[in-house]
Structures are given as C-alpha cells and as structure tokens.
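Colleague: Structure for this input, please:
(one chain, ligands or ions: 1)
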Amino acid sequence: MLKKLGVCVLALLMLLGGVVALLANQYPALPEQLNLNSPAAAESPVAQHGVRALFLGTSSFVWTDGKTQWLLDGFFSRPPLAQVMFSRLTVNEDRVNTTLNRAFKELGRPKEFSAVFVAHSHYDHALDAPYIVKNQPGARLYGSASTRQIALGQQVPADQIGLLNIPQDIPVGDFTIRVLGSAHAPTGFTGGNNAEPVTLPAHALAFKEGMSYSFVVYHRNTGAQPIALIQPSAGYVPGQNAGLKVPVVFLGTGGLGKLDEDYAARYWKEMVTDTGAKTVYLVHWDDFTLPLMKGGELDALRPMPKLVDHFDRTVTRLQAFARRDGVSLTILQAWKKVNF
Ligand SMILES: [Zn+2]
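Modeller: This next block holds a predicted model:
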C-alpha cells in the first residue's frame with residue numbers, strides 16, 4: 001500500500017514538473033511594431049548632447065558622453081533557470097568579461113568606467129557589480145547597505161564602495177546621477193536586508209532586496225534639465241518624482257503583467273504622466289535566465305515566460321496609456337543605443 005502511494009506521489013511530482021517545465025517554456029509574443037527586435041535595427045536619432053546609453057537587458061546599461069563611462073547594475077552572468085532554482089549562484093566571469101568587452105566596443109570607448117550603480121540587491125541587479133568594480137581600479141560601486149554586504153562578500157575594498165543616501169546627487173565626470181528612493185514591484189520576493197557579507201556561491205534568495213532606487217540622469221551639456229529617469233523595478237513610492245520633469249523614462253516592467261490594471265495605471269501616472277515624459281523605453285522585461293550573447297554573437301532578448309509574467313498584457317495596457325498621453329513607447333532590446 002505504502003509502495004503504491006509512493007509511486008503515485010512520484011508520478012504526480014513528475015507530472016507537476018512536466019507542467020512547470022512546459023509553462024516555463026511558453027513565451028508571450030512581442031508586438032512587432034513596438035519591438036526593436038534585431039540588434040542591428042536602426043538606432044535612435046543622432047546624439048544631440050553627445051550622451052549615449054547602451055542597454056544590456058534587465059536594468060543594465062553602460063552610459064557614456066565620450067569621456068566618462070558609468071554602469072547601472074551590469075548583470076551579465078544571467079544564470080540558467082535550473083541553476084537559479086536548484087543551485088547556488090556565482091559570477092560567470094567569462095560571460096561578464098565578454099559582454100563588457102563587446103559593450104565598450106559597441107560604444108567605441110576604451111573599457112574604463114568610474115562608477116557602477118546598483119538598483120537594489122536582488123541577484124539580477126547586484127550579482128556581478130562587485131566583480132566588475134574590483135577589476136576597474138578607481139571605480140566605485142554605489143548601492144544600499146544591503147548591496148554593500150554583497151560587495152564585501154566578494155572582497156571589494158571598502159574604499160571602492162559608496163553607500164547611497166536618498167535623495168543624493170553623485171557626480172560622475174560631467175554626469176550627475178540623482179538617486180531617489182523608490183520601491184520594488186510587489187512581486188512577493190521583496191524586502192529584507194543583507195546584514196552580513198554575502199559570499200559566493202549563494203542561493204538566489206540570499207540576495208535580499210535592501211533599498212530600491214530610481215536614477216535621474218543629468219549632464220553638464222543639458223544644464224539643469226535632466227536627460228532621463230531610470231525606473232529599474234515596476235514599483236514606486238507615491239510622489240517619489242515630485243517636481244521632476246523629464247523627457248525620457250526607462251520604465252521597468254518586471255512582474256507588471258501579473259499585477260492588476262489599476263496598479264499599472266498608477267505606476268504609469270507616477271512615472272510618465274506626472275513627469276511629462278514623451279518617450280518611454282521598456283526595460284527589465286526580458287527573461288534574464290537567457291544569455292545576452294550566443295556563440296560570440298549578440299542575441300535578442302525574449303520576454304519572461306508566461307509562468308512568471310504576462311508581458312503581452314503589460315504592453316497592451318501601456319500602449320493604451322501611451323496613446324492617451326501622446327507618448328512614444330518602445331520595447332528596448334539589448335545592445336540598442338539610445339542617444340541624447
Ligand atoms: Zn528585484
């Protein structure tokens with residue numbers, strides 16, 4: 001009897017595993033008219049102010065003005081799903097180096113940067129930043145106290161770590177990055193602080209969120225007017241952008257498709273309607289268990305599988321808001337440059 005029960009449970013588990021594997025492989029279709037799908041597709045108009053941002057999946061970017069470079073997150077390891085679920089994570093140094101080398105080549109700049117900002121301490125933002133900073137003498141890693149513990153766990157010298165206060169302006173060459181307090185998308189994986197150094201390998205859940213930030217990018221060439229708002233996670237603190245007027249928003253959408261329409265409307269209002277932005281690029285929409293490059297070639301991003309998110313629903317909703325507000329909406333592909 002017991003043996004029979006065991007076989008039944010095993011069969012049920014296998015069936016469940018099969019269903020999960022199937023769902024994890026179902027991807028929503030991307031609406032073509034919004035999708036800059038090919039990495040070789042046309043770039044945004046020529047830079048007026050000499051500033052460019054190269055998007056690298058999730059909320060990872062390299063920004064340059066031709067003199068100074070800085071990164072947001074720099075999450076390039078992108079470990080596969082099975083590793084995230086059943087194993088512990090570490091930096092894929094080969095992937096990080098290959099991606100960084102290619103990114104700087106795309107920008108025509110030497111591989112030098114002054115700062116890496118970390119949006120919050122989940123692994124899909126904070127895993128690789130310490131490794132990247134450690135290998136760039138003089139660069140600083142900026143993040144929360146929770147991110148600081150991830151950096152200490154990877155032996156980043158304390159004088160290369162900058163603890164963020166909010167709000168705070170951090171000068172990086174002729175850029176100024178204004179750091180605002182924000183919130184994570186309410187996904188169920190939020191909250192908590194790393195109170196001790198996070199040593200690798202570490203489980204995905206060992207990377208506690210800490211504080212979540214938004215970033216307003218200013219540059220000397222555009223005077224007092226900001227260039228863009230970067231909202232890495234689809235969360236917000238009501239009024240976090242009070243008084244801010246900005247032309248471009250990089251809008252994080254991770255998890256937004258599983259939240260209700262009312263939440264999406266409030267999020268859009270805080271980030272886009274209230275800031276007067278007329279150009280929105282969607283970021284953090286991609287399945288970050290897939291690599292940015294395959295066989296040495298640039299690869300296009302795919303949306304999260306339906307099991308995790310409903311990006312098609314997100315796009316339908318945001319398209320309606322964008323039409324209403326006269327906003328241009330683009331799903332930003334990895335390896336695309338946005339010019340300012
Ligand atoms: Zn997160």
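
Colleague: and Ile152, what element?
Modeller: Actually, residue 152 is Leu. It isn't Ile. Assigned by DSSP states H and E, Leu152 falls within helix 145-153.

Colleague: which residues make contact with that helix from outside it?
Modeller: 118, 120-121, 126-127, 129-130, 133, 141, 143, 158, 160-161, 163, 192-200, 202, 207-211 (C-beta atoms under 8 Å, 6 or more residues apart in numbering). Using the backbone N, CA and C atoms, a C-beta is placed for each residue, glycine as well.

Colleague: mind listing what's buried in that helix?
Modeller: 146-153 (16 or more other C-beta atoms under 10 Å).

Colleague: picking up where we left off before, and the contacts of helix 145-153, which are buried?
Modeller: 118, 120-121, 126-127, 129-130, 133, 141, 143, 160-161, 194, 198, 202, 207-211.

Colleague: just to revisit the earlier point, can I get the helix holding Leu152 in PDB? Just the C-alpha atoms.
Modeller: Extracted in PDB, the C-alpha atoms of helix 145-153 (Å, rounded to 0.1, in the frame of the first residue of the first chain):
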ATOM      1  CA  ALA A 145      23.800  48.900   2.900                       C
ATOM      2  CA  SER A 146      22.400  45.500   1.600                       C
ATOM      3  CA  THR A 147      24.300  45.800  -1.600                       C
ATOM      4  CA  ARG A 148      27.400  46.800   0.400                       C
ATOM      5  CA  GLN A 149      27.300  43.300   2.000                       C
ATOM      6  CA  ILE A 150      27.300  41.700  -1.400                       C
ATOM      7  CA  ALA A 151      30.300  43.700  -2.400                       C
ATOM      8  CA  LEU A 152      32.100  42.900   0.900                       C
ATOM      9  CA  GLY A 153      31.300  39.200   0.300                       C
END
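
Colleague: how near is the residue positioned nearest the centre of the chain to Gly188?
Modeller: Against the mean C-alpha coordinate of the chain, by C-alpha atoms, centre = their mean, the closest residue is Ser59 at 1.8 Å. Here Ser59 is placed at a distance of 19 Å from Gly188 (C-beta to C-beta, to the nearest Å).

Colleague: same deal with Gly243?
Modeller: 32 Å.

Colleague: so Leu100, which of the three states?
Modeller: helix (DSSP: H, G, I helix; E, B strand; the rest coil).

Colleague: residues touching it, list them.
Modeller: Each residue near Leu100 by C-beta under 8 Å, 6+ apart is listed here: 74, 76, 111, 132.

Colleague: Would you verify that the first one is located in a helix?
Modeller: No. Residue state for Gly74 (three-state DSSP) corresponds to coil; a helix is not indicated.

Colleague: State the pLDDT value of Met211.
Modeller: On pLDDT, Met211 comes in at 96.

Colleague: residues contacting it?
Modeller: Contacts of Met211 by C-beta under 8 Å, 6+ apart are 120, 144-146, 164, 166, 181.

Colleague: Please repeat the previous calculation with a cut-off of 10 Å.
Modeller: 119-121, 143-147, 164-166, 179, 181-184, 193 (C-beta atoms under 10 Å, 6 or more residues apart in numbering).

Colleague: pLDDT weak spots in the stretch 1-150 of the chain?
Modeller: 1-25, 30-45 (pLDDT under 70).

Colleague: So which residues of it form strands?
Modeller: 52-55, 61-64, 69-72, 115-117, 140-143 (DSSP state E, counting those that start in this stretch).

Colleague: swap in the stretch 151-300 of the chain?
Modeller: 161-163, 168-172, 175-182, 212-219, 228-231, 248-252, 279-283, 293-294, 297-298.

Colleague: As JSON lines, those with distance to Val308 would be great.
Modeller: Shown next, in JSON lines, are the strands of the stretch 151-300 of the chain (distance: least, C-beta to C-beta, whole Å):
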{"stretch": "strand 161-163", "distance to Val308": "31"}
{"stretch": "strand 168-172", "distance to Val308": "32"}
{"stretch": "strand 175-182", "distance to Val308": "21"}
{"stretch": "strand 212-219", "distance to Val308": "19"}
{"stretch": "strand 228-231", "distance to Val308": "19"}
{"stretch": "strand 248-252", "distance to Val308": "14"}
{"stretch": "strand 279-283", "distance to Val308": "16"}
{"stretch": "strand 293-294", "distance to Val308": "21"}
{"stretch": "strand 297-298", "distance to Val308": "24"}
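
Colleague: what are the C-alpha coordinates of stretch 289-298, in PDB please?
Modeller: Provided in PDB are the C-alpha atoms of stretch 289-298 (Å, rounded to 0.1, in the frame of the first residue of the first chain):
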ATOM      1  CA  THR A 289      17.800  33.300 -17.400                       C
ATOM      2  CA  LEU A 290      18.900  33.500 -21.000                       C
ATOM      3  CA  PRO A 291      22.300  34.900 -22.100                       C
ATOM      4  CA  LEU A 292      23.000  38.200 -23.900                       C
ATOM      5  CA  MET A 293      25.300  36.600 -26.400                       C
ATOM      6  CA  LYS A 294      25.300  33.200 -28.000                       C
ATOM      7  CA  GLY A 295      28.400  31.700 -29.700                       C
ATOM      8  CA  GLY A 296      30.100  35.100 -29.600                       C
ATOM      9  CA  GLU A 297      27.100  36.700 -31.400                       C
ATOM     10  CA  LEU A 298      24.700  39.300 -29.900                       C
END
